[in-house]
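1. based on what follows, work out the 3D shape:
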Amino acid sequence: MLAITLLGCGRPGSSPAHRLSVALPPDTLTFDGPELGRYGGRFVIAETGGPRTFNAIMSNDQPSNDVNQRLFIGLTEFDLNSQQTVPSLARSWDHTPDGRTWTFHLRRGARFSDGHSLTAEDVLFSFAVVYDDSLHPSVQDLLKVNGRKFELSAPDSHTVVFRLAGSMALFPTLVGAVRIMPRHLLEPEWKRGAFASAFGVGTPPERIVSSGAWRLSRYVAGERTVLSPNPYWFGVDRSGRRLPYLDELVFESVPDQNTAALRFEAGEVDAVDSVRPEDYGLYERRSKAGHFTLYDVGPSLISNFLWFNLNRREAAGKEGAPVVDGPHYRWFADPRFRQAVSKAIDRDAIIRGPFFGFAFKNWSTMTKGSHAWYTPAVAGPDYDPEGSKRLLAEMGLRDRDGDGTLEDADGRPVGFSLKTNSDNETRIAIDNLIKDDLARVGIQVTSLGVDLKTLITNVRSDFDYQAVSLGLGSAVPSDPAMAANFYRSSGASHYWHVRQKRPATDAERQIDSLFEIQADTLDDAVRHDAWRRMQDLVNQECFVIWLPSQIVKLPVRDGFGNLHPVALPHRILWNIDRVFVRARGR
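-> A predicted model of the protein is given here:
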């Protein structure tokens, strides 16, 4: 019981002396939080799963990103409260009138967590790694204009110059997506082709050198990840005291949402970032006695959808045969089949059922939580079971033996397996409703729940699936230009057919062209028009089949100052470097 008690609830940890023993650099970054905080304590958050890597450039899964976004910084950051791009490692920047040359001025005296100087050479190194086509990290797809990579140079150790092939609407924000990694440690790994495995979860914590406000203190696989303040961090509060205030930030790994709820109720964790809608009422009723607040942050920016596997195997550098068998590929590749599946799904029943009414229909990566880019007029094929049956009949799929299941011309039963992550009970429940809906139009679905790490491997590398249902969190900021890896046919998260050598369909070719317009032009009206046309094409083709998105409520323990949950991810931890324990001994 003692061990459990000491884990959470903001109880104080070690002295802040390690934060104060290192002199502040000449160029500090002042965070003007609502309250001046006090040193000490910890914040414990429950998260499903755990990090797969501490390599911020190669990180793809959400648990890894949640940790690495705390460990590493970019040239800029996006403030989720003001919704503005703000300075980080770069204290300022300027550009030429044509928007093609940008100069970033770095903070003097910035250091990594091991005390090594952080300079322009580290920025150039990090971008070189991102642009390495043998690695092709997903962020690479954001950092091109007209298909061309940026040209970088460093006139001196505190200046980085970018030259672009054209203008880019979100350039200052996009460069912040590249987290700055330590060249003095990782360049040898990169040169010998081992960068992808560097800073793995098996690396001793003291060898994980960070550039952000936090450093890795402890990691216990399957249990917890503990971060402590970076003693060389250049961030300060308005009184000039080095941040963070907390002694520890703890990510408690839990197998599922049930366990997260139990750990929160027991007082072992201070917050849960993923709550089932059916639990909202229970949390609300218990909030006063449990000394916590259920924050309503509004519409989620996570879009939910399913898609079919249209990937092809690579042979001799070229795309070869489909990964799935011939009959399934013929069905999946036909837009009428995908439209029929979309029309068979009763989304209102999903909202009433697994979401307990706390959800809304959504037809895009930009949900109505994105005030600037949500497009109410855009919609895909909604519930129309008779229309679904007509489309399937047009394809020659009929119930030839009267057993209730459609067969193709060769007598093969029509159906597929649908994978999702087994730790998400809401998604499992949604898939079961989809299974029932599709059975009513003659399609048999086998619902499969697998662990998230396996599913990510299936989706990104071995393609061992027929269909998958998952969610896609909005990038920060919530702007379509940030979703290059999803919309571009060459993207690593173009899930239905990743990393295409050339667009596989005319619709994808058009989407590629529209994406370039949307991402590159500085004319806001032109950007919005291109964005609407992109969404229409995705929905006409049903490359993904959209499912409802959730209204988000988050429980957080009382007694913390400067805490301000928001809709954009990370919804709770985005300003954790300024959060402090206001009251102790709860």
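2. just checking, what packs against the longest helix along the chain?
-> The single longest helix within the chain, with elements called by DSSP state H, is helix 524-541. On a contact count with 3 or more Cβ pairs under 8 Å, 6 or more residues apart in numbering; DSSP states H and E, helix 524-541 meets helix 335-344, helix 506-520. (Glycine included, C-beta is placed from N, CA and C.)
3. can I get it in PDB, CA atoms only?
-> Extracted in PDB, the C-alpha atoms of helix 524-541 (Å, rounded to 0.1, in the frame of the first residue of the first chain):
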ATOM      1  CA  ASP A 524      -6.700  31.500 -47.400                       C
ATOM      2  CA  ALA A 525      -9.700  31.200 -49.800                       C
ATOM      3  CA  VAL A 526      -7.700  29.100 -52.200                       C
ATOM      4  CA  ARG A 527      -6.600  26.800 -49.400                       C
ATOM      5  CA  HIS A 528     -10.200  26.300 -48.200                       C
ATOM      6  CA  ASP A 529     -11.400  25.500 -51.700                       C
ATOM      7  CA  ALA A 530      -8.700  22.900 -52.300                       C
ATOM      8  CA  TRP A 531      -9.400  21.400 -48.900                       C
ATOM      9  CA  ARG A 532     -13.200  21.100 -49.700                       C
ATOM     10  CA  ARG A 533     -12.400  19.400 -53.000                       C
ATOM     11  CA  MET A 534      -9.900  17.000 -51.300                       C
ATOM     12  CA  GLN A 535     -12.600  15.900 -48.700                       C
ATOM     13  CA  ASP A 536     -15.200  15.400 -51.500                       C
ATOM     14  CA  LEU A 537     -12.800  13.100 -53.400                       C
ATOM     15  CA  VAL A 538     -12.000  11.000 -50.300                       C
ATOM     16  CA  ASN A 539     -15.700  10.600 -49.600                       C
ATOM     17  CA  GLN A 540     -16.700   9.900 -53.200                       C
ATOM     18  CA  GLU A 541     -14.200   7.100 -53.300                       C
END
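4. for Leu310, see how far away Gly320 is.
-> Gly320 sits 13 Å away from Leu310, taking Cβ to Cβ, to the nearest Å as the criterion.
5. neighbour count winner among these two?
-> Remark: of Gly320 and Leu310, Leu310 carries more neighbours, 22 against 10, as counted by other Cβ atoms under 10 Å.
6. what about that one, which helix or strand?
-> Assigned by DSSP states H and E, Leu310 falls within no helix or strand.
7. identify the residues contacting it.
-> Listed by Cβ atoms under 8 Å, 6 or more residues apart in numbering, the contact set of Leu310 reads Pro322, Tyr329, Phe332, Ala333, Trp496, His497, Ala504.
8. does Thr457 count as helix, strand or coil?
-> helix (DSSP: H, G, I helix; E, B strand; the rest coil).
9. for it, which non-adjacent residue is closest in space?
-> If the residues on either side of it in the chain are set aside, Thr457 comes closest to Asp464, at 8.0 Å by Cβ to Cβ, 6 or more residues apart in numbering.
10. tell me the predicted confidence for the nearest residue to Asp32 once chain neighbours are set aside.
-> Nearest non-adjacent residue to Asp32, counting by Cβ to Cβ, 6+ apart: Arg238, 5.0 Å away. Note on Arg238: pLDDT of 96.
11. tell me, how many residues neighbour Arg238?
-> Per other Cβ under 10 Å, the neighbour tally for Arg238 reads 10.
12. over to the one 4 residues further on?
-> Other residues lying near Arg242 total 24 when counted by other Cβ under 10 Å.
13. now it: closest residue in space, sequence neighbours ignored.
-> For Arg242, ignoring the flanking residues on the chain, the nearest one in space by Cβ to Cβ, 6+ apart is Arg19 at 4.9 Å.
14. what's downstream of the host helix or strand of that neighbour, the next helix or strand?
-> Taking DSSP H and E as the criterion, Arg19 maps to helix 17-20. Next in sequence after helix 17-20, counting helices and strands by DSSP H and E, comes strand 29-31.
15. how far out from the middle of the chain is that next one?
-> Relative to its parent chain, strand 29-31 has a centroid offset of 26 Å by Cα atoms, centre = their mean, to the nearest Å.
16. what do you get for stretch 447-458?
-> Its chain's average C-alpha position is 17 Å from that of stretch 447-458, according to Cα atoms, centre = their mean.
17. before we move on, back to that, how close does the residue nearest to Asp32 sit to Val556?
-> If you go by Cβ to Cβ, the gap between Arg238 and Val556 works out to 24 Å.
18. tally of neighbours for Leu406?
-> 23.
19. tell me the pLDDT at it?
-> Leu406 is assigned a predicted lDDT (pLDDT) of 98.
20. do Ser15 as well
-> 54.
21. contacts only, for the residue nearest in space to the middle of the chain.
-> Closest to where the C-alpha atoms of the chain average out (Cα atoms, centre = their mean) is Gly473, at 4.7 Å. Listed by Cβ under 8 Å, 6+ apart, the contact set of Gly473 reads Gln62, Leu301, Ile302, Pro569.
22. who does it bridge with?
-> With DSSP bridges as the criterion, Gly473 is bridged to Ile302.
23. so what's it scoring on pLDDT?
-> The model's pLDDT for Gly473 equals 81.
24. quick one, helices of the stretch 101-250 of the chain?
-> Assigned by DSSP state H, counting those that start in this stretch, the stretch 101-250 of the chain shows helices spanning 120-130, 171-175, 183-191.
25. contacts only, for the residue lying closest to Leu472 once chain neighbours are set aside.
-> Spatially, and ignoring its direct neighbours in sequence, Leu472 is nearest to Ser303 (5.2 Å; Cβ to Cβ, 6+ apart). Residues in contact with Ser303 (Cβ under 8 Å, 6+ apart) are Asn362, Ser364, Thr365, Met366, Thr367, Gly471, Leu472, Ser474, Trp546, Ser549.
26. phi, psi of the closest residue to the fifth one other than its chain neighbours?
-> Spelled out, it's Thr367. Leaving aside its sequence neighbours, Thr367 sits nearest to Ser549 (Cβ to Cβ, 6+ apart; 4.9 Å). Torsion angles at Ser549 (phi, psi; degrees, to the nearest 10) stand at phi -110, psi 150.
27. would you agree Ser549 is in contact with Ala359?
-> Yes - look at Ser549 against Ala359 with Cβ atoms under 8 Å: they come within range, at 6.2 Å.
28. so what's the closest residue to Asn362 other than its chain neighbours up against?
-> Of all residues not flanking Asn362 in the chain, Ser549 sits nearest, at 4.3 Å (Cβ to Cβ, 6+ apart). Under the criterion of Cβ under 8 Å, 6+ apart, the neighbours of Ser549 are Pro299, Ser300, Ile302, Ser303, Asn304, Ala359, Phe360, Asn362, Thr367, Gly369.
29. which among these end up buried?
-> Pro299, Ser300, Ile302, Ser303, Asn304, Ala359, Phe360, Asn362, Thr367, Gly369 (16 or more other Cβ atoms under 10 Å).
30. closest to Gly415 among those?
-> Asn304 (21.8 Å; Cβ to Cβ).
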